[in-house]
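> build me a structure from this.
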Amino acid sequence: MSQSTNQNPVRVRFAPSPTGYLHVGGARTALYNYLLAQKTGGTFVLRIEDTDLERSTPESIQAILDGMNWLGLKWNEGPFYQTKRFDLYNEHIDKLVKDGKAYPCFCTAEDLTVKRQADQAAKIKYRYDRTCWRLSADERAQKIAAKIPHCIRFLSNDDELIKIQDLIKGEVIVDGKELDDLIIRRSSDGAPTYNLTVVVDDALMNITHVIRGDDHLNNTPRQIQLYKALGYELPIFAHVPMILGSDKKRLSKRHGATSVMAYREMGFLPQALLNYLVKLGWSHKDQEVFSMAEMIDLFKLESVSSSAAIFNPEKLLWLNGHYIREANPEDLMPLVSEFLTQKGASFIDQTLLRKAVVCAQQKVKTIVEMADFIDLFFVETQPEADVIEKNINDDAKKVLTRLATELKKCLVADHDSLHAEFEKVMLEFNVGLGKVANPARVAISGRKISPSVFDMIEIFGILESVRRIEAVC
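A predicted model of the protein is given here:
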């Protein structure tokens, strides 16, 4: 079977551990899985790997589901929860023990520490020395009957040269002698461990392609041995490179937000984040902007770089600004309404909101910026005294007083009519547009940065605009 194609329908999975939020690295992995499934008409499975009973929480599970839903990465099957499949895993573990491919280990943590320290002193790589594998059947039975705590270890095949045919990394070869007899069932709580559960699930869910971060690459040789020991066919592997910060270290909070939902809270659009994530390790010619349809059509796992990607917040911000500029105002209105409500808006007139969105669309890069830019139309805001003082002197007040008089005569608050009234004042005082428009803009907005004066008068209306102008004169 070719490593780039599969005779069976493509089945991929995203399998996060619910020990925190949905990380942008995990979201990129989910996206790559989703794109392959969509491209091939395959199936995208969501599996929650919650066997870490101490760290997994319902809140983290919900955070993952919220992040996936916000990004629009809809799964076809699941979510499946590993904690509900323990009986299934234990059946496989018991079969491995019965077949002599796994064994109970009674060594205590203290015993293992002594062995590890001895290997360190001898400057050799630590591997469990198989003390308990060498026990006789009677010795094992006696210890089990005495209820001595024990884990179950998988008996690694030392003589196997394991070859991983990875779609991204290429061929990776690992000597079986480098592998330890890994624990597949813990002694502390009897829970099956990651490497066992992931193999059983991927096999029984008929996963054809395992696409995951390359931090899992060191697990793959062990999992390949488990696949073979259990008699299951190997999937195709594709290990995606890590995402690093600008300092070439693993992406973390010190580089900025790493949570998918944090980007929502900062006013990013999901399509912008997806577009950015797909480019972290994959490209198509010099194209920067991709619709979801284009991603699905053009994406190829074989084209994913094997090198780590560098996360650039400024590039993401640029992309988000592009998507805001290109968006239908109606699509942005409910998004900015949410942030305006958080800022204290109790009633948001939709006609007014559309006008405000349109006037801000070309000038902001996030929805939060948009809410800050237009909140003066919906929330009672206080003028910035220093801005008023700096921009409106006695001469400006004379100009504004005259402008207010002219505006009262204006019957229609559209740009052409307003510009005509401004020109009358400009001619009377023999000044340019800036000498009238800037103090008028500051007077109406009360702030340094605001929509254009014509946009504000049109949205506020003549009466409210004149009231604000006269308030500073």
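
> any idea how far the nearest residue to I392 once chain neighbours are set aside lies from I388?
The shortest distance from I392 to any non-neighbouring residue, by CB to CB, 6 or more residues apart in numbering, is to P439 (5.0 Å). Every residue, glycine included, has its C-beta placed from N, CA and C. In this view, P439 and I388 are 9 Å apart by CB to CB, to the nearest Å.

> between those two, which one's more packed in?
Set P439 next to I388 and count neighbours by other CB atoms under 10 Å: P439 wins out with 24 against 16.

> show me the contacts for C473.
Residues near C473 by CB atoms under 8 Å, 6 or more residues apart in numbering: K397, L400, T401, A404, A443.

> mind giving me the ChimeraX select for these, buried ones only?
Those of the contacts of C473 that count as buried under 16 or more other CB atoms under 10 Å are selected in ChimeraX with:
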select :400,404,443
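
> of the contacts of C473, which is the nearest to E421?
Ranked by distance to E421 (CB to CB), these are led by A404 at 10.2 Å.

> which residues touch the closest one?
Contacts of A404 by CB under 8 Å, 6+ apart are V466, I469, E470, C473.

> and if we set it to 6 Å?
V466, I469, E470 (CB atoms under 6 Å, 6 or more residues apart in numbering).

> show me what contacts the first one?
V466 makes contact with A404, L407 under the criterion CB under 6 Å, 6+ apart.

> kindly recompute the last result at 10 Å.
V466 sits next to L400, L403, A404, T405, E406, L407, K408, C410, I444, I457, F460 when contact means CB atoms under 10 Å, 6 or more residues apart in numbering.

> wait, a strand at it?
No - judged by DSSP: H, G, I helix; E, B strand; the rest coil, V466 forms no part of a strand; its state is helix.

> quick one: it from L403, how far?
Taking CB to CB, one finds V466 at 9 Å from L403.

> now swap in M261 and tell me
Where L403 is concerned, M261 sits at a distance of 46 Å (CB to CB).

> comparing the two, which shows the higher neighbour count?
L403 (27 against 16).

> for the more buried one, which non-adjacent residue is spatially closest?
V425 (5.0 Å).

> which SS class is the one you found?
helix.

> now V45
Strictly by three-state DSSP, V45 counts as strand.

> which residue comes closest to it once chain neighbours are left out?
Using CB to CB, 6+ apart, the closest residue to V45 is R13 (4.0 Å).

> all strands of this structure, in order?
With strands called from DSSP state E, the chain shows them at 11-14, 43-48, 77-81, 102-105, 151-154, 161-166, 170-175, 183-185, 209-213, 236-240, 243-244, 309-310.

> show me the beta-bridge partners of R250.
With DSSP bridges as the criterion, R250 is bridged to L244.

> would you check that it makes contact with D215?
Yes - in this structure, R250 is within contact of D215 by CB atoms under 10 Å, at 8.8 Å.

> quick one: the nearest residue to K424 once chain neighbours are set aside and H419, what's the gap?
Nearest non-adjacent residue to K424, counting by CB to CB, 6+ apart: E406, 5.5 Å away. In this view, E406 and H419 are 12 Å apart by CB to CB.

> so these two - more neighbours on which side?
With neighbours defined as other CB under 10 Å, E406 and H419 compare such that E406 has more, 17 against 13.

> contacts only, for that one.
E406 touches L418, A420, E421, F422, E423, K424, V425, E428, V466, counting by CB under 10 Å, 6+ apart.

> which stretches of the chain have low pLDDT?
Where the chain drops to pLDDT under 70, the residues are 1-7, 253, 255-257.

> what's the neighbour count on the residue nearest to V45?
Counted with other CB under 10 Å, R13 comes out at 27.

> what does W70 give?
Count around W70 with other CB under 10 Å applied: 16.

> thought it was touching A262?
No - if you go by CB under 10 Å, W70 and A262 don't touch, sitting 11.3 Å apart.

> what sits in contact with each of these two?
With CB under 10 Å, 6+ apart, W70 and A262 have common neighbours L22.

> for the residue nearest to V45, give me its contacts.
Contacts of R13 (CB under 10 Å, 6+ apart): 30, 33, 37, 43-47, 75, 77-78, 80, 198, 201-202, 205, 207-212, 235.

> mind checking how far it is from I148?
Counting by CB to CB - R13 and I148 are separated by 37 Å.

> please apply the same query to G41.
Taking CB to CB, one finds G41 at 53 Å from I148.

> which one's more surrounded, these two?
I148 (13 against 8).

> phi and psi next, for the closest residue to the more buried one other than its chain neighbours.
Once flanking residues are discounted, I148 sits nearest to F106: 5.3 Å by CB to CB, 6+ apart. Per-residue torsions, F106: phi -100, psi 0 (degrees, to the nearest 10).

> measure F106 to S188 for me?
14 Å.

> list residues touching both of those two?
P149, C151.

> more crowded one of these two?
Neighbour count, other CB under 10 Å: between F106 and S188, F106 has more, with 18 against 10.

> how about that one, what does it touch?
131-132, 135, 139-140, 143-144, 146, 148-151, 187.

> same deal with V24?
By CB under 10 Å, 6+ apart, the neighbours of V24 are 67, 243, 251, 256-260, 262-263, 273, 276-277, 280, 311, 316.

> from R250, how far off is it?
For V24 relative to R250 (CB to CB), the value is 12 Å.

> shared neighbours, those two?
I243, T258.

> check contacts around V198.
13, 15, 47, 49, 51, 82, 207, 210, 212, 216, 219, 223, 226.

> among the residues you listed, the buried ones, what's the ChimeraX command?
Buried members of the contacts of V198 can be picked out in ChimeraX with the line below, counting by 16+ other CB under 10 Å:
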select :13,15,47,49,51,82,207,210,212,216,223,226
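
> could the contacts of V198 go into a markdown table alongside distance to I296?
What follows is these, written out as a markdown table (distance: CB to CB, whole Å):
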| residue | distance to I296 |
| --- | --- |
| R13 | 18 |
| A15 | 21 |
| R47 | 22 |
| E49 | 26 |
| T51 | 32 |
| Q82 | 29 |
| I207 | 20 |
| V210 | 20 |
| R212 | 20 |
| H216 | 25 |
| N219 | 29 |
| Q223 | 29 |
| L226 | 33 |
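
> what pairs with I211 across the strands?
Under the criterion used (DSSP bridges), I211 bridges to A238.

> fine, thanks again, bye for now.
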